[in-house]
Structure formats: C-alpha cells, structure tokens
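Enquirer: what follows is a protein structure lacking sequence information:
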C-alpha cells in the first residue's frame, strides 16, 4: 500500500462494488473525489466511518438503528397496532416517503428462496408471529414487491399468521397514479380490472 | 448529528455529489454499504481517508502524486524527450492503459475558456514551455479531446511552443478501430478521408 497507484486502484476497486458503478464510473468518481480532496473526499470518508461505526440492525424490526432499537420502534406515537412487513430497508424508506403509514415495520431482509437457502428463520418470520401477540397487533400489512418471490413470501406469512387471528392485508394492485394504460403490462391491466371499484360514491 | 436519520441523510447527500449517482442511486448505494458495514463500508472509509490524506498534484506534470512529484516524473525510464499534453488525469490514465506512450505528461487540468476565466496560466502552459527547454524535450504530443475547446487549446499550445523549436504533434483523427462508417458522424468521415493513407506498403 505504499505505491500511490495501487492505493488509488484499491479505492477504485472498492468503489466499483457499489451498485450503479462499474470499473469505469468508479474510476471517474475517484478522480472527481481526488480533485475535491478537502471539500468532498475527506467529509465522505468521515461520514462513511461514522455511519459504519454507529449503525446496527434494530433488534425488533430489522430497520437501521443507532441504538439497540430504531427510532420507529421507540416512538410511542407509532404503536398503532399495525405492522407493515417489507422486504428491505429501502422499501421501509419508500413507505416512509409516502407518509401514509403511521405504524411500525418488520423488515424481512429478503424473500423466501430454496435456491439461496433463505427460510422463514432467516427472514425473522417466527419473530414477526411473536410480535403480533406481544405488541397487541390488529393488522399486518404485507407490503412485498409484486414479484413471484415477493408474493410467495407474502402467502407464507399469511399462513404463518393465521393461528394468531390477526388481520393480514396486502397492498392493492392496479394502475399507478399518472399511469397510462397503453404503457402498462398486461398483468397489471388484468389485476386492475379484477379489482375494479364503484365510482358511484 | 445525533439522529441516525440525519447522519445517514448527510451521507446520502455526499454520495449524491459523485458523478453518475443521483439522490436515488446514492440512497441505494448507502443502503448497500450499511448492509456491508464491516466488509465494504469501513474499508471504503479507510481507503478514502488514506487517498485524501496522501495524494497531491505532481509539481512537475500535474498528475496525482503521493510525494512532491509523481511516479512517472521520477521514473528515469520515462525521460524519453517526449511530453504528452492531456486535459485531465483521466486522459493520462486512458493513455497509460493504451500503453503506447512511454514518455512523460503534462496535465492541463482543463481547456482555455474565456467564459470560465481559464487562461494559459491556469493551465500551466508557461510551465510547459519552460519544461521543454529544461528537460531537453524533442516532441510535444498534444492529446486533447477532439472538441472545439480541446482543439482551440491545442492550437494555442502549438503557438506558445513555436519559439522553442520543439516538434508539436497531435493525435491522428479518423475511423476508430472496429468503427462502422454507417455509425460515424460526418466530421469524422471527412477527417478520415482528408488524412487517407496509401495501402500499397
């Protein structure tokens, strides 16, 4: 690590492991950073080190937390008796940006996959079942991606929660706001037609 | 900075300033990093801090250096009497990947621009003229981008070097290797035709 070339190459190799960056764009990003050593590179190094040192998984919901539990799990205003099950923290962030859900979350960290040996235990589904009783949950909203893996996992979760008697719901499927029928896939149009609703009040 | 949300948001904002990353992909990259705190995030923070602390501009050529001068300027094997003038360190890297040039470089750090108040002094052109005499340079290869700005700057450099008597050359323009005429712009085809060469040995 004494050769500057190799030190920079090491950095490029690390940057290239970020999603959305390949070797070429990683090299461009590193050059961009080196030109802004003081104003961007050093602060970025500092911010990365801080977040790496101070974040962990929330022991209750799996969200990113700075303490043992996350802000949402500690917030008494969010004890609404509703849990929203999401695949990933990025989905939790998307739900929070939407701002319509005021309850708590359960982050699976993936979907069931026999190929990748991801079973219910890896996704914390037994922990979810336990939370329903412990926290007096009335409704579990399964907000998984509308993919085969997501829907298979959603089905499994609904089965696992059946003995608890909790209401289990899923997100509606249909035409996205602003969506044009001409650009939608056939499956979405079929789903929207099946779930059609009355417009007469 | 005690709220984990704002700490992560600060990191996302810094990441979004990298070329090729917007707010959305920066958020995805940060999540990707948080999931790999130990294996990727901490090493990346360390690598960034090291490069930020240990790199500077080479006082001779403007390349990235770890000492006062860069590896290329210190390498006696590269004292070939040739200097290749490039706009940016990324162009120097591109030339080095090509592996065909064995001399030394001069990195301008930009092109002449009246609008942005970039004059010959900002680009180190007087320093280049001085190097030609000091280092016994026989040929200056001006490898600037084939854009209006690049070619204007190349022309200025050729004029500035005229009194030294050094040979000033530019990269050939023509059809790129593997290029198909049908996909080339008119200007390239015109340039390739004007610079046509004999195929008869």
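Expert: Received it, and whenever you're ready, just let me know what you need. Because the structure is a prediction, the values reported are computed rather than measured. Numbering: from 1, shown residues only, chains lettered A, B, ... in the order given.

Enquirer: all contacts plus neighbour counts: C-alpha atoms, from now on.
Expert: Noted.

Enquirer: how about the strands in chain A?
Expert: A:56-57, A:64-65, A:82-86, A:104-107, A:139-142, A:167-170 (DSSP state E).

Enquirer: let me see the contact set for residue A:188.
Expert: A:173-175 (CA atoms under 8 Å, 6 or more residues apart in numbering or on different chains).

Enquirer: can you rerun that using 10 Å?
Expert: A:173-176, A:181, A:194 (CA atoms under 10 Å, 6 or more residues apart in numbering or on different chains).

Enquirer: can I have the buried ones of these as a ChimeraX selection?
Expert: Applied in ChimeraX, the following selects the buried portion of the contacts of residue A:188 according to 16 or more other CA atoms under 10 Å in any protein chain shown:
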select /A:173,174,175
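
Enquirer: could I get the contacts of residue A:188 as TSV with distance to chain B and pLDDT?
Expert: Listed next are the contacts of residue A:188 as TSV, based on distance: CA to the nearest CA, whole Å; pLDDT from 0 to 100:
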residue	distance to chain B	pLDDT
A:173	24	85
A:174	24	87
A:175	23	86
A:176	19	87
A:181	26	84
A:194	33	84
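
Enquirer: ignoring the adjacent residues along the chain, who's closest to the residue positioned nearest the centre of chain A?
Expert: The centre of chain A sits closest to residue A:88, judged by CA atoms, centre = their mean, with a distance of 2.2 Å. Of all residues not flanking residue A:88 in the chain, residue A:109 sits nearest, at 5.1 Å (CA to CA, 6 or more residues apart in numbering or on different chains).

Enquirer: and that neighbour, what pLDDT?
Expert: At residue A:109, the pLDDT value in this model is 91.

Enquirer: surely it is in contact with residue A:119?
Expert: No: applying CA atoms under 10 Å as the test, residue A:109 and residue A:119 come out as separate, 11.4 Å apart.

Enquirer: skipping adjacent residues, who's closest to residue A:18 in space?
Expert: Nearest to residue A:18 is residue B:29, by CA to CA, 6+ apart, at 5.7 Å.

Enquirer: again with residue A:60
Expert: residue A:69 (6.4 Å).

Enquirer: find the closest residue to chain B in chain A.
Expert: residue A:45 (4.4 Å; CA to the nearest CA).

Enquirer: that residue against residue B:50, yeah?
Expert: Yes: with contact defined as CA under 10 Å, residue A:45 counts as touching residue B:50 (9.0 Å).

Enquirer: want to throw the strands of chain A into JSON lines with distance to chain B and mean neighbour count?
Expert: Formatted as JSON lines, the strands of chain A follow (distance: least, CA to the nearest CA, whole Å; neighbours: other CA atoms under 10 Å in any protein chain shown):
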{"stretch": "strand A:56-57", "distance to chain B": "8", "mean neighbour count": "19"}
{"stretch": "strand A:64-65", "distance to chain B": "7", "mean neighbour count": "23"}
{"stretch": "strand A:82-86", "distance to chain B": "15", "mean neighbour count": "24"}
{"stretch": "strand A:104-107", "distance to chain B": "13", "mean neighbour count": "25"}
{"stretch": "strand A:139-142", "distance to chain B": "21", "mean neighbour count": "22"}
{"stretch": "strand A:167-170", "distance to chain B": "25", "mean neighbour count": "16"}
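
Enquirer: what about residue A:200, how many neighbours?
Expert: For residue A:200, the count of nearby residues is 4 (other CA atoms under 10 Å in any protein chain shown).

Enquirer: could I get the pLDDT score of it?
Expert: pLDDT recorded at residue A:200 is 78.

Enquirer: buried residues, stretch A:150-159. List them.
Expert: A:150-151, A:153-154, A:157-158.

Enquirer: just flag the most distant two among those residues.
Expert: A:150 and A:158 (12.3 Å; CA to CA).

Enquirer: what about residue A:25, distance to residue A:19?
Expert: Remark: distance between residue A:25 and residue A:19 (CA to CA, to the nearest Å) = 11 Å.

Enquirer: who touches both of the two?
Expert: Counting by CA under 10 Å, 6+ apart, the residues touching both residue A:25 and residue A:19 are residue B:21.

Enquirer: residues contacting the residue nearest to residue A:18?
Expert: Residue B:29 neighbours (CA under 10 Å, 6+ apart): A:15, A:17-21, B:12, B:15-16, B:21, B:23, B:35.
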